[in-house]
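Peer 1: No letters, just coordinates:
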């Protein structure tokens, strides 16, 4: 008799768990988890859009008042038109730029996206032609989100000296 009661209880639990009609109830924990997932997905799509050279798709994710701090070696940029112009120049200098091994970690209102970037240069440096030289670098991009899921700020940890050190011909 005990076996039948246990089987009936398991069947009832299974039936109840499978019969929720597709409704999802959100408590504060679930809501927070959904926001983290939304922000993570937006950050991943933003990095992928940069890798695919779809700048307009990338810029849609930015909130009004967005600030690009870069790696901290230049003044922060806030004007979307100048950010877009800089990105277009970046795409010309690195036409084969591609992100690989893309991962994201989310916590609070921040998402960190790591990737290995590869490509070939298309720039002049101090009169030396570096066109066609391959490069690889690991980077982490830090995105800050507002409550609406828009990106309010970006920081990169890539150091330009380390990046260009790959091409030192000494």
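Peer 2: Thanks, I have the structure now. Because the structure is a prediction, the values reported are computed rather than measured.
Peer 1: which residues in this structure form strands?
Peer 2: 62-70, 98-107, 110-120, 124-125, 128-129, 134-145, 151-156 (DSSP state E).
Peer 1: Could you pull out the buried residues of stretch 85-97?
Peer 2: Going by neighbour count (16 or more other Cβ atoms under 10 Å), the buried part of stretch 85-97 is 87, 94, 97. C-beta here means a position set from N, CA and C on the backbone, and glycine is covered the same way.
Peer 1: Pipe those into JSON lines and attach distance to residue 62 and pLDDT per row.
Peer 2: Compiled in JSON lines, the buried residues of stretch 85-97 are given as follows (distance: Cβ to Cβ, whole Å; pLDDT from 0 to 100):
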{"residue": "87", "distance to residue 62": "11", "pLDDT": "89"}
{"residue": "94", "distance to residue 62": "21", "pLDDT": "82"}
{"residue": "97", "distance to residue 62": "20", "pLDDT": "89"}
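Peer 1: Just the ones of those in helices?
Peer 2: Taking DSSP state H as the definition of helices, the buried residues of stretch 85-97 contribute residue 87.
Peer 1: before we move on, the earlier item: for residue 49, which of the strands of the chain is the nearest?
Peer 2: Closest of those to residue 49 is strand 98-107, at 10.0 Å (criterion: Cβ to Cβ).
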